[in-house]
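*Asks:* have a look at this prediction, sequence included:
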Amino acid sequence: MNIDLYGMLLQAFAILLGTSIVVPIVASKRKLAGWLNTIAVAIAAGILLYVAYVAIFVQSGAETKAIYFGAQPVYFLIDAFSGFFIAIISFMAVMSALYSIDYMEHYKDYSLRPYYINFPLFILGMIGIVTVDDLSIGFTVAWQLMTIASYFLIRFEYKEKQNVRNANKYLILMELAWVFIIVGAYLIDGSSMGDSVHTLTQKLGATGGMIPVLVYALLLLGFSFKAGVFPFGQLWLPDAHSIAPSPVSALLSGVMIKTGIYGIVRTFFWMIPHEGHTVNPLVWGSIIATFGVVTLFIGTSQSLKQSDAKRLLAYSSIGQIGYIVLAIGAGLYMYHSSNIFVQMLSFVAIIGILYHVLNHAIFKGLLFLTAGSILYETGTKDLNKLGGLITFMPLSALIAGIASLSIAGVPPFSGFASKWTIISATLLGGSQVYFLALFGIIALFTSALTLACYVKFFGMSFASTGVQWNVAHTPQEVSWKMLVPKVILAVLCIVQGIVPFIYYETIMNIFKSSTGSIVQASFNELSAHNSVFTSAMGVTINVPGMQYANAIAVPLVVIIIVIIGFTVAYIVKKSAGSEEKVMPTWLCGYQDLNNNNRYKDRHMFAALKSMLWWTGGNVK
Amino acid sequence: MDILLIVLNIVVFLGLAPLYEGIIRKLTAKVQSRQGPPIYQPYLDLLKLLGKDNLVSDNWAFKLAPMIAFAAVTAVVTIVPIGFKANYLTQYADVITIVYLLTLAGISILLGALSSKNAYAMIGASREMITMIMVEPILAMTFILGAVRMKSLAIDASMFSILSTGYSWSVVLMLVVYLMALQAFVARQPFDISEAEVEILEGPFIEYSGPNYALFKYSMMLKQMFYAVLFVTVFMPFLHTGIFVADLIVQLVAVAFVFVLIALLGSTNPRLRIDQAVKYYAVLIVISLCTIALSVYGF
């Protein structure tokens, strides 16, 4: 029962540190370095996944623990909540490392030494952020490690001037975010270096006046920078994510920005003093929810306008972060509502936070790996030059299709389950509080916009036609080392959508066993189980005393109906025995015009784009 | 009994959708002083298409798309209650699921269009997507209006909300919005912008033929019948008698009247440009947002 999680954590840290020292020595043997990096990262991730498993399912009520580095104690905390993030980070790290082996061949003119120095350090930094339990020493070390390592990964293609500029901007803004957080913690009365968050919270309770408001504002600001919340995300995220090597982009978008979410949730659900000054959660909840809804709408409509595949994905990351932030804000607001009905629904929103964090990590990681495959095979990520890859890379196309449907929230894929969670909570809460209904409707509307983005992404790269006119050699399906991580992630996209009850149970368990949060007691007293029912088929939300169930998602049954419909369609199609013939496309006699005859990205959704010009991010 | 109701749902929708389409075609012809095809012509069209050669593009997405469209729409019409009676499957989905399933049907049209490699299909797909984005919120808000009143996103709760709580100002406003969006829901003039036969040659469907095209046609007919049934169920609760068979028959007659309306509106209006339509939809969206607000505050 007493497993030394902290010892294992340090082991994993040591392995990652060792990797970053040893692997670069053999960096000139590119494949060997890639394999060594993958194996070492996989070992560390194995340990970390075990740590996460124990933290979530076995040990509950973890306490913060001081680990001495020399004479200096640094507080660490591995509870179920950190465990969740550790699991996501280490899992995605392995996928990305495996993908890197072949992908990095793409950069023939660059030495891989900086890549393999910084890759493990980047992972180490992210794991650090979600395990350290202070806002001074340990936090600084982890934040800087994560930031500087990712800086070097982003500027990997340093021979392009623009890339270096973008990377520098990223570095400066992340340091600014760090300053905000550090200053926020410093402002707390009597805070000293190395205080654990628990101690800081107590001291915050004793701090009077307007200082606590400022502290929360600064922490929110700092973590919002990291998470990419509007308007801060727009400053760095698209530039940085689109120039990094694709496996790194997958990590940046999939997991790194989630450390910002981790920080916001920890701040507003854990750093709440029990006595003394208390925050007004209704105000903070509505502020955060507003940031969330603005972020999701603006981010997604900017994404719609991009014609660079990776920029499109990066903007869409901002949009998806918006959903998560909306869930945080709505959850916080609803939890403190005086209306019992709304309060019961807050659990749903809170579950939605982690569910969407998980789903977004998987499908956005997958989408960046897909964009990477396109870039690797064709050498371009400009949607105006792509098209028709489905013929050359059928499996990658299928995977891209699954990822696109997932992020667009089509049942039964994973995005549906988590977006359903967030939207149904806000809509139902909206029956009492109008702004929540409005936010829910905007979120629903935006998921149609998301769909448009990915119709464009998929349509202009894999479907339609044109890559053969723009690329010198014929693209081929990528190697198995690049396919394996993509297939694993694609399968997860489906699994996470079809069996939401497993994830609901796990996430409820996480909140139940993580001590110190304001919602732990309620999750423990089974109030959550009074309103959320999970069964082998799906999830039902039912606040006691209501005539109808409040919301139902049973993807399994829906998918069975769709599959039956599909079978019927197939039978109908074959019923009259008509012959299938492959025919060239009919282009009114203009089939030789090739590129001149194609529908450019500029025209795609032109009417909508011109109506949404005010959201910014316009591409000429 | 459970199974029977589900089967009834499927039979009613699959069986009658082409007939309602026939009403539109006959009436449109009459308005234009033509004789018009017999009212059962759409059945014949479907049968004929099934026997034609199936000309396809060389990728899996093109072949898959019509089947997905048909499957998604069939799933929706199986779940949706008719005759003011929820069937066994209704409890397994809620309005968000329905909205997303209809989206799935929409995307499969786009998938087919994009993988057909035709420039006209791309234009059609782009317009279809814009229409989907702008019209879907209005459909969603029709459901949400009921959901907010009943505090439940269950399909039956939302669709029968006026039946149980009566009319109010917000309902009347929503009814008006729904009627104004009706032609867009069923992709008829003045909002048949994505197909626009004389302009972009049926847009998304340009490369489709034979059984694949039949499946698309059929799912379009099912979809427009769904929107008519939705209107009758949500906004005409006074048709409720309590006897299931009577309810069913009265509803189906009412649906026929909705189709008469669709045909008359469609045959007397010119097609709008997409940018004009987008502005029109935007106004409708804003009005329906106000409707929800009214409803939350008890009007």
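*Replies:* Looks like it arrived, so ask away.
*Asks:* now do residue 28, the pLDDT please.
*Replies:* Let's take chain A. Note for A:S28: predicted pLDDT of 84.
*Asks:* actually, chain B is the one I wanted.
*Replies:* Here the pLDDT value assigned to B:T28 is 88.
*Asks:* repeat that for B:P42.
*Replies:* We have a pLDDT of 90 for B:P42.
*Asks:* with adjacent residues omitted, what lies nearest to it?
*Replies:* B:P18 (3.8 Å; CB to CB, 6 or more residues apart in numbering or on different chains). Every residue, glycine included, has its C-beta placed from N, CA and C.
*Asks:* past the helix or strand containing the one you found, which element shows up next along the chain?
*Replies:* Taking DSSP states H and E as the criterion, the element that holds B:P18 is helix B:2-31. Following helix B:2-31 in sequence order, the next helix or strand is helix B:41-51 (DSSP H and E).
*Asks:* distance from the chain centre to the helix or strand just after that next one, please.
*Replies:* Remark: after helix B:41-51, the chain's next helix or strand is strand B:54-56, criterion DSSP H and E. Centroid displacement of strand B:54-56 relative to its chain, using CA atoms, centre = their mean, to the nearest Å, is 26 Å.
*Asks:* what about the helix or strand following strand B:54-56 and chain A, touching?
*Replies:* The first helix or strand that comes after strand B:54-56 along the chain, using DSSP H and E, is helix B:60-79. Yes. Helix B:60-79 comes into contact with chain A (CB under 8 Å from any CB of the partner chain), by way of B:60-61, B:63, B:66-68, B:70-75, B:78-79.
*Asks:* quick one, strands of chain A?
*Replies:* A:65-69, A:72-76, A:532-534, A:539-541, A:551-553, A:580-582 (DSSP state E).
*Asks:* just the CA trace of stretch A:141-150, in PDB.
*Replies:* Extracted C-alpha coordinates of stretch A:141-150, given in PDB (Å, rounded to 0.1, in the frame of the first residue of the first chain):
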ATOM      1  CA  VAL A 141      13.100  25.300 -11.900                       C
ATOM      2  CA  ALA A 142      10.300  23.300 -13.600                       C
ATOM      3  CA  TRP A 143       8.900  26.200 -15.500                       C
ATOM      4  CA  GLN A 144      12.300  27.400 -16.800                       C
ATOM      5  CA  LEU A 145      13.200  23.800 -17.700                       C
ATOM      6  CA  MET A 146      10.000  23.400 -19.700                       C
ATOM      7  CA  THR A 147      10.200  26.900 -21.300                       C
ATOM      8  CA  ILE A 148      13.900  26.900 -22.200                       C
ATOM      9  CA  ALA A 149      13.800  23.300 -23.500                       C
ATOM     10  CA  SER A 150      10.700  24.000 -25.600                       C
END
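*Asks:* what is the neighbour count of the closest residue to B:A125 other than its chain neighbours?
*Replies:* Excluding the flanking residues, the one nearest B:A125 by CB to CB, 6+ apart is B:A113, at 4.0 Å. Residues near B:A113, counting by other CB atoms under 10 Å in any protein chain shown, number 32.
*Asks:* over to the one 3 residues further on?
*Replies:* Counted by other CB under 10 Å, the residues lying close to B:S116 total 29.
*Asks:* which residues touch the closest residue to it other than its chain neighbours?
*Replies:* Counting by CB to CB, 6+ apart, B:E207 is the residue found nearest to B:S116 once chain neighbours are left out, at 3.7 Å. B:E207 makes contacts with A:T585, A:W586, B:L55, B:S57, B:F62, B:S116, B:K117, B:N118, B:A121, as judged by CB atoms under 8 Å, 6 or more residues apart in numbering or on different chains.
*Asks:* between those residues, which is nearest A:A87?
*Replies:* Taking CB to CB as the measure, B:F62 is the one of the contacts of B:E207 closest to A:A87, at 39.2 Å.
*Asks:* can you get me a residue count around the closest one?
*Replies:* A total of 23 residues lie near B:F62 under the criterion other CB under 10 Å.
*Asks:* I'd assumed B:M221 was in contact with the residue nearest to B:P42.
*Replies:* Yes. Contact status for B:P18 versus B:M221: in contact at 5.7 Å, counting by CB atoms under 8 Å.
*Asks:* for chain A, what helix or strand is lowest in average pLDDT?
*Replies:* Ranking every helix and strand in chain A by mean pLDDT, DSSP states H and E puts helix A:527-531 at the bottom, with a mean of 62.
*Asks:* quick one: contacts for A:F57?
*Replies:* Taking CB under 8 Å, 6+ apart, one finds A:N509 in contact with A:F57.
*Asks:* surely B:Y100 meets A:P412?
*Replies:* No. Judged on CB under 8 Å, B:Y100 makes no contact with A:P412 at a distance of 9.7 Å.
*Asks:* residue ranges with poor pLDDT in the stretch 501-620 of chain A?
*Replies:* The model of the stretch 501-620 of chain A has pLDDT under 70 over residues A:526-538, A:542-551, A:553, A:590-591, A:593, A:620.
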